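Trainee: give me a 3D structure for the following:
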Amino acid sequence: MSDPTTVGPPPGVVMPPRRRKRRVALWSTLAVILVALVVGAIALDGVARAYAGALIEKKVRSSLSIPASTPVDAKVGGASVLLQLLAGKLERVDVTSKGLTIGALTGDALLTATGIPIDQSKPIDRARLKFSVDGAQLRTLVGEVSGLPVNSVTVESGAIAIGTTITVLGIGIPVTVAVTPSAVDGQLALTPKSVQFNGQTLSPAGLRTTFGSLADAILTTRKLCVAKYLPKALTLDSVAVNGTSVELAVTADNVTLGSELFATKGVCAAK
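Mentor: Below you'll find the model as predicted:
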């Protein structure tokens, strides 16, 4: 009998090694597992982000006495919420509320807080609240600060236009005073920059030339203390005109949301 002959692959043909097949299968399995872990981590982080936002919304409602009927939405920013929780501090939180009432004003609010510790007994690094109101909402407030009868209030051309009436020799003259709002020592200040009457626009100097001391009643910079509307922790630090609305901004540094500084309103000095 002849020796058995081993049949191999045809010349020039290389058969793939079994090890290579196993290696490809291993890497494919690892890739699937890795993708599953990433998807799971993203999903878990999303759940943690939503849960943290809900807790913050509840805390903000309680601290600022926001009624349940007023919508509030809290979003946690920054990197992975899970990593932030492990670090013991959230990087940034944005809270929005439309139709929020503060004192005599109702408008849209944006609260931005940074460095929020998980331990609620510790202070946050910084909180800044921006509150936007239109001319209709400003009418009551402007009437309180101007000391003049207010016929109308509009926001235009970077200023607040106040329609009022001045009396000269027993005759009522309708005028529109354009004032520039600003924050001065935590108070809302309204500084006249021009006056319109009888189809003319006059500067403060021009109005004094025409009416003399009678113009003082409408050319005086008026200030309004807004502390009585705000938590003690918040101080008015800027006022800006944006289109047809006025944005009031208040800031607090190193305060605890649940502290007395947030729970109680500020006090205005007696006039």
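
Trainee: point out where the stretch 101-250 of the chain drops to low pLDDT.
Mentor: For the stretch 101-250 of the chain, the stretches with pLDDT under 70 are 144-147.

Trainee: at which residues are the strands of it located?
Mentor: Counting by DSSP state E, counting those that start in this stretch, the stretch 101-250 of the chain has strands at residues 105-117, 124-134, 152-156, 159-168, 171-184, 187-197, 200-202, 222-225, 235-242, 245-255.

Trainee: how about the longest one: buried residues?
Mentor: Meaning strand 171-184. Applying a neighbour-count criterion of 16 or more other C-beta atoms under 10 Å, the buried positions in strand 171-184 are 175-183. C-beta here means a position set from N, CA and C on the backbone, and glycine is covered the same way.

Trainee: same for that strand, what does it pack against?
Mentor: Helices and strands touching strand 171-184, as assessed by 3 or more C-beta pairs under 8 Å, 6 or more residues apart in numbering; DSSP states H and E, comprise strand 159-168, strand 187-197, strand 235-242, strand 245-255.

Trainee: pLDDT value on Val35, please?
Mentor: On pLDDT, Val35 comes in at 58.

Trainee: oh, and call the first residue 66 from now on, that's how I've got it
Mentor: In the new numbering, first residue 66, that becomes Val100.

Trainee: ok so, going back, tell me which of the strands of the stretch 166-315 of the chain lies nearest to Ser145.
Mentor: Within these, the stretch nearest Ser145 is strand 170-182; the backing value is 15.5 Å (C-beta to C-beta).

Trainee: mean neighbour count and distance to Leu151 added to the helices and strands packed on strand 236-249, as JSON lines?
Mentor: Formatted as JSON lines, the helices and strands packed on strand 236-249 follow (neighbours: other C-beta atoms under 10 Å; distance: least, C-beta to C-beta, whole Å):
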{"stretch": "strand 224-233", "mean neighbour count": "18", "distance to Leu151": "48"}
{"stretch": "strand 252-262", "mean neighbour count": "19", "distance to Leu151": "43"}
{"stretch": "strand 300-307", "mean neighbour count": "16", "distance to Leu151": "34"}
{"stretch": "strand 310-320", "mean neighbour count": "19", "distance to Leu151": "23"}
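
Trainee: good, we can wrap up now.
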